[in-house]
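Colleague: here is a sequence together with a model predicted from it:
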Amino acid sequence: MELTLAHSPDADDAFMFYALAEGLIDTGGYVFTHVLRDIESLNRAALNGTYDISAISFHAYPHVADQYLLLSCGASVGDGYGPLVVVREGFPDGAELPEVAVPGELTTAYLVLKLWQPEIKTRVVPFDRIAGAVRAGEVAAGLLIHEGQLTYRREGLKKVVDLGEWWQRETGLPLPLGGNVLHRRHYQRAQAIANLLREAIAYALAHRDEGVRHALRYARGLDAAGAARFIGMYVNDWTLDLGETGRRAVEALLARGAAAGLVPACPGLAWVD
């Protein structure tokens, strides 16, 4: 059976699904067609139920809960770290941010930014252009995700806040950024598919060096050491299984978003163990 597997063209997702892309595990008759799109495009595609399996931002899930089940494997979690708000070197410390470039209004980064500063003004800019826009003075500040969290200093930028740090101080929980969802039309196969994805993640973690080499082609601006560091941040034990704490973090994120009027209420999240 052929399934579309949509994920970001980033080093962490490439590492996570290395075993599936290279045919290194027995998929039991399932054939995975990889579709690479940036995370906001995947969020928007999920609104239409486009893909069988998709990476999405947890922020987006309440908007697609009628179509998709949440998988407890495949998540990216910031455990005391996360998206960064940055400005140019020389921007006055403590000065008001007139506008922040964001990678999309369905990203978890955007949701946490608005929980941090509800009145802040934003402008959507493709994630891979945000650092350059801040550096060029097109926008005062930017919200960095992906590799930008590691490369911003060499681009002449400085950190205003790490939203993962802020979230952990506020809640005592890690920050769940993105996860994998399975279309409800595959409900009867959900457990088998989830087991395959978990097996693929476990294979990559057990063959880290080979997985990192595979992922390097997607490691924008990072050398092998930087890619390995970035992958370690977002593909780890949380990715194998969110567990009770990880699920509680997702629930807390969405509950706070709903209380702030930023997302629809989504009680009783539909998890595939």
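Modeller: Looks like it arrived, so ask away.
Colleague: quick one, what contacts residue 229?
Modeller: residue 150 (CB atoms under 8 Å, 6 or more residues apart in numbering). Just so you know, the C-beta spots here come from the backbone N, C-alpha and C atoms, and that holds for glycine as well.
Colleague: separation between it and residue 223?
Modeller: From residue 229 across to residue 223, the span is 10 Å (CB to CB, to the nearest Å).
Colleague: just checking: what are the partner strands of the longest strand belonging to the chain?
Modeller: Using DSSP state E, we find that the single longest strand of the chain is strand 175-183. Take DSSP bridges as the rule and strand 175-183 pairs in its sheet with strand 53-57 (antiparallel), strand 68-71 (antiparallel), strand 76-78 (antiparallel).
Colleague: state the mean pLDDT of the last one.
Modeller: Averaging the model's pLDDT scores along strand 76-78 yields 97.
Colleague: just the helices in the chain please.
Modeller: 11-16, 18-21, 39-47, 61-64, 108-116, 130-135, 148-151, 163-171, 190-206, 208-215, 224-234, 237-240, 243-259 (DSSP state H).
Colleague: so which bits of the third one are buried?
Modeller: Just to be clear, that refers to helix 39-47. 39, 40, 41, 42, 43, 44, 45, 46 (16 or more other CB atoms under 10 Å).
Colleague: give the bridge partners for the spatially most central residue of the chain, please.
Modeller: Geometric centre of the chain, nearest residue: residue 178, 3.5 Å, by CA atoms, centre = their mean. In this entry, residue 178 is beta-bridged to residue 57, residue 76, by DSSP bridges.
Colleague: any idea how far it is from residue 238?
Modeller: For residue 178, the distance to residue 238 - CB to CB - is 11 Å.
Colleague: what is in contact with the two at once?
Modeller: 75, 76.
Colleague: doesn't residue 260 make contact with residue 115?
Modeller: Yes - the pair residue 115 / residue 260 is scored as a contact, 6.2 Å apart, by CB atoms under 8 Å.
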